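K.L.:
Sequence isn't available, so here's the structure alone:
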């Protein structure tokens with residue numbers, strides 16, 4: 001089709017409408033990994049995001065002839081996302097200097113990461129000021145779908161149902177368990193990632209509504225909290241508390257030490273409450289699931305051993321310190337912990353980035369995380385749970401993670417911000 005023959009207003013409206021519709025679907029389904037659209041035929045999981053993101057970019061090319069970008073917008077975009085240029089360059093350099101990659105995964109994982117980074121920024125700049133409305137709709141769609149999936153997982157767990165083998169290549173809805181309690185991640189296989197995704201979604205929803213002087217219905221917040229609870233994720237629970245503390249600090253105008261006292265008191269209450277309820281078996285199980293179960297003790301010891309392994313690997317050679325051991329090759333060095341698992345990693349965003357890309361990649365990555373906080377962007381409270389979450393897990397293959405970071409660094413979206421501070 002010759003876009004030159006399309007009237008400009010119609011072309012803009014058509015392109016923007018298709019983009020908004022696809023963007024809602026893509027964002028709503030971006031955390032989903034219980035679905036494999038290829039049915040296990042591909043060597044990787046074809047998630048809804050992978051299919052929709054490529055389709056969305058292809059549709060977005062239709063509107064390119066109608067885009068008008070000022071030099072100021074370009075300069076502002078570069079100021080917003082300069083660490084990403086460094087991250088991309090360092091990832092590519094690290095791939096060139098790979099020592100060992102028996103599965104030939106390094107380049108593939110580098111290209112996937114670069115696609116996630118590119119797509120997050122592309123979508124944000126392409127939608128412009130309509131992004132908050134698109135994200136709000138997508139977030140609500142995700143919460144509803146996740147709630148339905150949680151209910152289905154509860155039904156499967158307590159009735160001990162076995163799904164037909166014909167569906168298993170496409171859907172993996174089997175819930176995990178710890179200390180006799182089900183861990184329900186809903187649309188996300190890993191309950192820890194599921195909890196962090198929900199914390200980020202709820203936090204950004206609240207911040208967007210507040211910055212636009214709109215009221216977010218508390219029902220959505222309540223639904224999100226109810227979805228976080230069955231994940232039984234310590235990382236997710238602490239991230240939620242850190243987000244609440246950060247929001248309280250900003251909007252309630254309290255001092256930081258007040259927040260610290262509140263968090264310490266809340267932590268003590270969580271630890272003491274089960275003990276005060278006598279023979280309440282549910283609370284005993286919950287306490288065991290969170291702190292004293294054998295699964296938790298083993299998981300904690302493995303986590304710290306992985307952190308130590310990555311740290312030692314980083315400082316073992318000068319080359320490792322400068323350019324790392326190669327993006328996507330963590331599985332080689334975590335083989336003793338995860339034998340035969342090509343997805344093995346150091347379970348820490350900081351350690352993984354440092355060990356696989358070297359000190360320069362780590363500094364660029366840390367700059368991107370801290371940039372909204374250092375520039376005092378109005379949505380900086382969401383940085384706090386992000387910093388915590390990266391301590392014990394890595395999210396470099398998580399589409400929603402890169403999207404949230406792109407949003408936090410997008411100064412043009414946040415009202416009241418000027419380059420010299422707040423308006």
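P.N.:
Done, it's in. This is a predicted model, so every value here is computed, not measured.
K.L.:
where in the stretch 301-423 of the chain is pLDDT low?
P.N.:
Confidence mapping of the stretch 301-423 of the chain against pLDDT under 70 gives the ranges 415-423.
K.L.:
And the helices in it?
P.N.:
Listed in chain order, the helices found in the stretch 301-423 of the chain under DSSP state H, counting those that start in this stretch are 318-323, 330-333, 349-374, 383-392, 399-409.
K.L.:
list the contacts for residue 228?
P.N.:
Contacts for residue 228 (Cβ atoms under 8 Å, 6 or more residues apart in numbering) come out as 195, 198-199, 236-237, 240. Bear in mind the C-beta positions are built from the backbone N, C-alpha and C, glycine included.
K.L.:
At which residues are the strands of this structure located?
P.N.:
176-178, 181-183, 417-418, 421-422 (DSSP state E).
K.L.:
related to what we said a few turns ago, would you check which pair of the contacts of residue 228 lies furthest apart?
P.N.:
Greatest spacing in the contacts of residue 228, by Cβ to Cβ: 198 and 237 (11.2 Å).
K.L.:
Those two - which one has more neighbours?
P.N.:
residue 198 (29 against 18; other Cβ atoms under 10 Å).
K.L.:
And the more buried one, how far from residue 146?
P.N.:
8 Å (Cβ to Cβ, to the nearest Å).
K.L.:
between those two, what contacts are shared?
P.N.:
residue 227.
K.L.:
Would you confirm that residue 398 contacts residue 31?
P.N.:
Yes. Judged on Cβ atoms under 8 Å, residue 398 makes contact with residue 31 at a distance of 7.3 Å.
K.L.:
from the contacts of residue 228, which single one is nearest residue 379?
P.N.:
residue 199 (13.9 Å).
K.L.:
Give me the distance between the two termini of stretch 167-187.
P.N.:
From its first residue to its last, stretch 167-187 covers 16 Å (Cα to Cα, to the nearest Å).
K.L.:
For it, could you pull out the residues that count as buried?
P.N.:
173, 175-176, 178-179, 181-187 (16 or more other Cβ atoms under 10 Å).
K.L.:
Show me which of these has the smallest pLDDT value.
P.N.:
Note: of the buried residues of stretch 167-187, the lowest pLDDT belongs to residue 179, at 66.
K.L.:
chain center to stretch 219-232: distance?
P.N.:
Taking Cα atoms, centre = their mean, to the nearest Å, the mean C-alpha location of stretch 219-232 is offset from the chain mean by 17 Å.
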